[in-house]
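>>> Quick one: sequence plus predicted model below, questions after.
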Amino acid sequence: MIYKYVKKKEPYNDLSSGRVLYNAPGFTAFPVRLASEIAQRCFAILESMGSKGPFTIYDPCCGGAYLLTYLGFLHSNRLYKIIASDYTPRAIDIAKKNLSLLQIKGIKKRIDELNSLANTYCKSSHKEAGRSALNLLKLIKPSMEIVCFKADITQESDDPFKADIIIVDFPYGSLTQWNTIEADPLDAFFKNIISYLKLETSILVIVTDKSQKLMPSTFKRIEYFKIGKRQVSLFLAKPTTLNNS
């Protein structure tokens with residue numbers, strides 16, 4: 001896979017999990033460079049279809065919301081609203097804390113926490129984290145709307161909203177798994193996610209490990225690439241499916 005937009009590899013130290021962003025056992029981060037590359041590919045496709053943005057992005061399996069938080073900092077000028085949901089209260093707790101960093105009040109609270117830690121323990125890591133938080137403060141766009149709530153995307157919603165980009169890092173590996181009552185969560189996911197897409201002008205991004213072969217009949221894959229242990233697919237919902245939803 002060749003990066004089209006994030007051609008230069010950056011350390012992204014300010015966005016490291018556990019530095020300024022909150023971390024917790026069992027919640028996996030996402031490669032920052034890859035997250036930015038995916039987002040920029042989506043922006044370019046949407047703009048080629050006539051959507052000018054700024055855009056609404058939704059992650060229905062957000063976990064700790066690392067991916068969305070990265071994008072909120074790196075692409076605040078391209079995003080109007082960030083929406084996150086997950087099935088477990090524990091996930092929503094950490095997601096809300098991370099997404100709060102995208103707002104002035106939240107990042108200033110985190111700066112105070114890091115300064116307090118630095119004063120108490122005199123560790124260089126706390127001082128460096130404080131400097132990172134100040135760097136992130138400069139990237140915040142106050143007008144960006146943040147929404148985070150508990151929900152099971154494998155269950156039908158009574159009042160689904162619409163998003164320009166839906167991005168999902170599907171559960172895989174030993175640290176994450178589906179939490180749902182559905183016997184076939186993938187099938188239920190693809191049936192329900194259609195309600196959140198705009199007719200022919202929304203992109204669904206699915207990230208999986210290489211063992212999962214996904215080609216849902218209700219979607220048209222418009223881009224696909226592999227990187228490391230991951231494969232990334234960009235889909236458009238087929239118009240007939242959306243018209244019948």
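All right, it came through fine.

>>> And the strands in the chain?
55-59, 79-86, 145-150, 165-169, 203-209, 219-227, 230-237 (DSSP state E).

>>> Of all the ones you listed, which one comes closest to residue 100?
Closest approach to residue 100 among those is made by strand 145-150 (7.6 Å; Cβ to Cβ). Just so you know, the C-beta spots here come from the backbone N, C-alpha and C atoms, and that holds for glycine as well.

>>> Okay, angle between the closest one and strand 55-59 too, please.
Interaxial angle, strand 145-150 versus strand 55-59 (axes from the mean of the first three to the mean of the last three Cα atoms, to 10 degrees): 20 degrees.

>>> got the buried residues for strand 145-150?
146, 148 (16 or more other Cβ atoms under 10 Å).

>>> Which secondary structure element of the protein has the lowest mean pLDDT?
In the chain, the helix or strand scored least confidently by mean pLDDT, DSSP states H and E is helix 239-244, which has a mean of 51.

>>> Compare the strands of the chain and give me the one nearest residue 96.
strand 145-150 (4.9 Å).

>>> What lies in contact with the closest one?
Outside of strand 145-150, the residues within contact range by Cβ atoms under 8 Å, 6 or more residues apart in numbering are 62, 65, 72, 80-89, 92, 95-96, 99-100, 102-103.

>>> one more time with 6 Å
With Cβ atoms under 6 Å, 6 or more residues apart in numbering as the contact definition, strand 145-150 has outside contacts at 81-85, 92, 95-96, 99, 102.

>>> now it: how far from the chain's centre is it?
12 Å (Cα atoms, centre = their mean, to the nearest Å).

>>> Restricting to C-alpha, output it in PDB.
Taking C-alpha atoms only, strand 145-150 is exported to PDB below (Å, rounded to 0.1, in the frame of the first residue of the first chain):
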ATOM      1  CA  GLU A 145     -19.800  19.200  17.700                       C
ATOM      2  CA  ILE A 146     -19.000  16.000  19.700                       C
ATOM      3  CA  VAL A 147     -21.600  13.400  20.400                       C
ATOM      4  CA  CYS A 148     -20.900  10.100  22.300                       C
ATOM      5  CA  PHE A 149     -23.500   7.600  23.500                       C
ATOM      6  CA  LYS A 150     -24.200   4.000  24.300                       C
END
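
>>> Can you list the strands that that strand pairs with?
Within its sheet, strand 145-150 is paired with strand 79-86 (parallel), according to DSSP bridges.

>>> Farthest-apart pair in the contacts of strand 145-150, please.
Farthest-apart pair in the contacts of strand 145-150 is 81 and 92; separation 17.4 Å (Cβ to Cβ).

>>> So for these two, which residue has more residues nearby?
Per other Cβ atoms under 10 Å, whichever of residue 81 and residue 92 has more neighbours is residue 92, with 21 against 16.

>>> Distance check, that one against residue 222.
Here residue 92 is placed at a distance of 31 Å from residue 222 (Cβ to Cβ, to the nearest Å).
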